[in-house]
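[1] I would like the atomic coordinates for the input below:
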Amino acid sequence: MTVALGLDTSNYTTSAAWFDGEHGENVGKLLEVPQGSLGLRQSEALFQHVKRLPSMVDGLRETGLPQHLSAVGASTRPREVEGSYMPCFLAGESQAKVMASLLALPFYPFSHQQGHIAAAAWSAGRMDLLDKPHLVWHLSGGTTELLHVVPDGVNVRACCIGGTSDISAGQLIDRTGKRLDLAFPAGKAVDGLSLQAEKRENFRVKVKDSVFSLSEIENKMNALAEAGTTPAEICWYVLASIIGAVEIATEQALAQYPGLPVLCAGGVASNQMLRQRMIQRCGAVFAAPRFSTDNAMGVAILTWRTYKKEQL
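    As a prediction, the model looks like this:
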């Protein structure tokens with residue numbers, strides 16, 4: 001049996017996963033962020049990853065990790081583009097390389113974004129998407145990109161064709177959470193509060209060629225808070241405005257790439273309202289909630305696919 005191990009040390013989560021071609025498991029834990037902060041310095045994120053990775057791998061054994069591994073992979077950069085780099089990924093990359101060297105196994109590097117795409121496709125029951133062109137929304141704490149994705153051997157190659165021109169959807173949600181004194185990351189709390197809103201309004205974001213700005217929503221959010229608007233109504237306003245922009249950008253992209261499936265990945269993609277509206281609007285496919293947020297499953301999947309290809 002071929003079993004791949006994957007590590008991912010993103011700006012938010014330490015995670016490890018295994019995959020055997022059909023089944024797999026992921027163990028992950030959010031980084032500890034002080035109350036009132038909007039993230040961590042890279043040096044602190046790297047330090048936490050180094051401390052946590054051994055316990056993540058130990059936890060992975062409890063999920064039924066097979067005894068014999070065939071290959072090891074890790075996310076080594078945020079995106080598969082020139083100049084994409086964050087020090088936090090050094091933790092997973094270095095430990096994966098050490099394991100691979102000691103066990104005389106091949107090591108395969110991937111981008112964090114490629115891992116998100118693979119994990120989303122697998123958890124949605126649509127592994128077939130990895131072998132044909134499709135559109136992907138990568139909606140996370142640091143990324144709001146609409147991607148045109150094509151197969152690249154057993155991997156995928158993503159080209160950004162739209163998304164935000166300034167702050168990401170995740171940043172806007174976390175800034176909303178900070179304004180409302182919610183814990184970081186604020187996605188789940190903002191999502192839950194929004195469902196309690198009685199007055200449900202939104203801002204219509206201008207979208208051109210699938211590109212839009214979210215900074216004006218932030219300004220509106222701050223103005224609502226200063227005017228005494230309820231937290232629930234502020235949360236609804238922010239989420240509904242983001243989702244409206246995503247919907248319009250998707251429609252514009254589908255006019256350029258008619259008939260392509262739309263896959264949604266990243267932590268923001270676990271939002272309930274987004275899921276409901278995108279499924280209704282364009283039949284979008286979503287990652288299972290536990291595989292929407294940062295995880296190493298996609299890295300393990302791509303590691304498994306690469307190893308199997310090289311054995312042919």
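
[2] what's the single longest helix in the protein?
    Looking across the chain with DSSP state H, the single longest helix is helix 231-256.

[3] May I ask which helix or strand encompasses residue 25?
    Taking DSSP states H and E as the definition, residue 25 sits inside strand 24-30.

[4] helices or strands up against that strand?
    Judged by 3 or more Cβ pairs under 8 Å, 6 or more residues apart in numbering; DSSP states H and E, strand 24-30 is in contact with strand 13-19, helix 42-61, helix 297-311. (Glycine included, C-beta is placed from N, CA and C.)

[5] Now do the first one, average pLDDT.
    This predicted structure assigns strand 13-19 an average pLDDT of 98.

[6] Remind me what that strand packs against, helices and strands.
    strand 4-9, strand 24-30, helix 42-61, helix 297-311.

[7] next one: the longest one
    In terms of contacts (3+ Cβ pairs under 8 Å, 6+ apart), helix 42-61 is packed against strand 4-9, strand 13-19, strand 24-30, helix 89-102.

[8] what about the longest helix of the chain, average pLDDT?
    Averaging pLDDT along helix 231-256 yields 98.

[9] swap in stretch 191-209?
    pLDDT averaged over stretch 191-209 gives 96.

[10] For that stretch, buried residues please.
    By 16 or more other Cβ atoms under 10 Å, the buried positions in stretch 191-209 come out as 191, 193, 194, 197, 202, 203, 205, 207.

[11] Let me know whether the second one touches residue 235 as I believe.
    What that stands for is residue 193. Yes: Residue 193 is in contact with residue 235 according to Cβ atoms under 8 Å; the separation is 4.2 Å.

[12] which neighbours do the two share?
    residue 180 (Cβ atoms under 8 Å, 6 or more residues apart in numbering).

[13] Residue 203 is in contact with residue 220, correct?
    Yes: if you go by Cβ under 8 Å, residue 220 and residue 203 touch, sitting 5.4 Å apart.

[14] which residues do those two both contact?
    237, 241.
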